[in-house]
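what shape does this take:
(4 chains)
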2 protein chains.
Amino acid sequence: MVVVRAGLSPERLTLAGAELADVAGFDQVTLSELARRFDVKPASLYAHVKSSHELKTRIALFALEELADRVADAVAGRAGKDALKAVANAYRDYALEHPGRYEAARYRLDPQTAAASAGVRHAQMTRAILRGYDLAEPDQTHAVRMLGSVFHGYASLEAAGAFDHTDIAAQQSWAWTLDCLDTALRSRSTP
Amino acid sequence: MVVVRAGLSPERLTLAGAELADVAGFDQVTLSELARRFDVKPASLYAHVKSSHELKTRIALFALEELADRVADAVAGRAGKDALKAVANAYRDYALEHPGRYEAARYRLDPQTAAASAGVRHAQMTRAILRGYDLAEPDQTHAVRMLGSVFHGYASLEAAGAFDHTDIAAQQSWAWTLDCLDTALRSRSTP
DNA sequence: ACCGTTGCCTATAGAGCATAGGTAAATGTA
DNA sequence: TACATTTACCTATGCTCTATAGGCAACGGT
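Numbering: from 1, shown residues only, chains lettered A, B, ... in the order given. A predicted model of the protein is given here:
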């Protein structure tokens, strides 16, 4: 009897989980479903991940990393409003392209895991945007929080279909919102 | 043998579910746990709710309604920045007081349920804030979306503990953010 | 006092999570 | 090349939650 091994690994399971999340939703990511996709029994997965929670944590960390890479690419070589728009679009595009991964990125991590995650890069990069706006502390922290809220809130609501009821394009409102943010930040800047 | 009936009803189950969500998280709301709390067998609950999904939908609708009532109270008799701050605080306070219910309010509803929910009241009330700012369409819709994004984004991130790492109080950033929004909206108004 | 309805019960079954322990293929070693 | 170890996946089992079917006792109207 020829037995072909499935070639499982934490990395392959994480990636497969991320892909599953995008097509079926993050809450549909189960060890059972993943086992089915690898044509393997559920118990076999426990050799590679400790638990369902660990798998979800890995997917969350993967998504945070992937998103941080995109944002880093967006912010590189830009400043001011240009940087603001590029970063904002990086978030929004990721949420629209990969709704499951974006949802995963919001999976609740324990403090130490969060501290070691790409979450800190996200905060740093949002701060980088503000270099074009001359904000002193504590205004800078306030601004980081405001921007984070808008990025996350808009992406989250749009991905949830909250903007589907009006025929005004979400893209237009997004551009308008970013204009507003730029105005607001410049009005707070102290050159 | 004296048998005391538990006195179950869809309403009591919904309320108990909402309370459970607040203390344990919305994802911990299960029919089994609810049955335990009413000292009743899980199967008994199916006489009152069709499924776990229906229960969660009821909790979501309940939370949307309760939140809408608070927002309605906040916006009544206020205009402009006053209204903006009152409504914004209504959202934030609700999310902090009732994290589980707030999470429930974001439970994905099917389109027709959503259309009949208090979700539409939320959109109307956000529009009501803008009466103090003289915005014409499509700017008004853009502004509704921006405000919704900030309210939801900030509440969501703060409730998730995203602002716990810096010692600058979330309350301060919130006031600063609302100032920014007011500035931005006024810069767009056409009196 | 009767009887239908209501409210909760038991029994049962399927799906996901998780652990224990087994076997065969792959790999290391002499 | 022969043997030992490790690796990769297996079966068996048990727990929890969801869900359905069918039963019985308490309640409420006549």
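
does the top helix by length along chain A reach DNA strand C?
Ranked by residue count under DSSP state H, the longest helix found in chain A is helix A:52-75. Yes: Helix A:52-75 lies within reach of DNA strand C by Cβ under 7 Å from any atom of the strand, at A:52-53. Every residue, glycine included, has its C-beta placed from N, CA and C.

show me what counts as buried in that helix.
With burial defined by 16 or more other Cβ atoms under 10 Å in any protein chain shown, the residues of helix A:52-75 counted as buried are A:55-64, A:66-68, A:70-72, A:74-75.

could you do stretch A:105-121 as well?
Of the residues in stretch A:105-121, A:105-106, A:109, A:114, A:117-119, A:121 count as buried by neighbour count, 16+ other Cβ under 10 Å.

does residue A:135 count as helix, strand or coil?
Per DSSP: H, G, I helix; E, B strand; the rest coil, the secondary structure class of residue A:135 is coil.

list the helices and strands the longest helix of chain A packs on?
Applying 3 or more Cβ pairs under 8 Å, 6 or more residues apart in numbering or on different chains; DSSP states H and E, one finds that helix A:52-75 makes contact with helix A:10-24, helix A:31-37, helix A:80-97, helix A:99-105, helix A:119-129.

what about residue A:173, neighbour count?
With neighbours defined by other Cβ atoms under 10 Å in any protein chain shown, the count for residue A:173 comes to 23.

ok, now which ones touch it?
Residue A:173 is in contact with A:163, B:138, B:141-142, B:145-146, counting by Cβ atoms under 8 Å, 6 or more residues apart in numbering or on different chains.

next one: residue A:168
Going by Cβ under 8 Å, 6+ apart, residue A:168 touches B:137-138, B:141-142.

and of the residues you listed, the nearest to DNA strand D?
Of all the contacts of residue A:168, DNA strand D sits closest to residue B:141, with 37.1 Å by Cβ to the nearest atom of the strand.

which one is the closest one nearest to, not counting chain neighbours?
Using Cβ to Cβ, 6 or more residues apart in numbering or on different chains and skipping the chain neighbours, the partner closest in space to residue B:141 is residue A:168 (4.8 Å).

from DNA strand D, how far out is the one you found?
37 Å (Cβ to the nearest atom of the strand, to the nearest Å).

look at that residue and give its secondary structure.
Residue A:168 is classified as coil under three-state DSSP.

repeat that for the one 10 residues further on.
Of the three states, residue A:178 takes helix under three-state DSSP.

what sits up against stretch A:124-143?
A:68, A:71-72, A:75, A:79-81, A:83-84, A:87, A:144, A:147-148, A:185-186, A:188-191, B:166, B:168, B:172-173, B:176-177.

distance from it to the middle of the chain?
Relative to its parent chain, stretch A:124-143 has a centroid offset of 20 Å by Cα atoms, centre = their mean, to the nearest Å.

averaged pLDDT, that stretch. What do you get?
For stretch A:124-143, mean pLDDT is 94.

neighbours of the closest residue to residue A:85 other than its chain neighbours, how many?
Leaving aside its chain neighbours, residue A:85 sits nearest to residue A:178 (5.4 Å; criterion: Cβ to Cβ, 6+ apart). Neighbour count for residue A:178, taken as other Cβ under 10 Å: 20.

where does chain A get nearest to chain B, residue-wise?
Here the residue of chain A nearest chain B is residue A:153; by Cβ to the nearest Cβ that distance is 2.5 Å.
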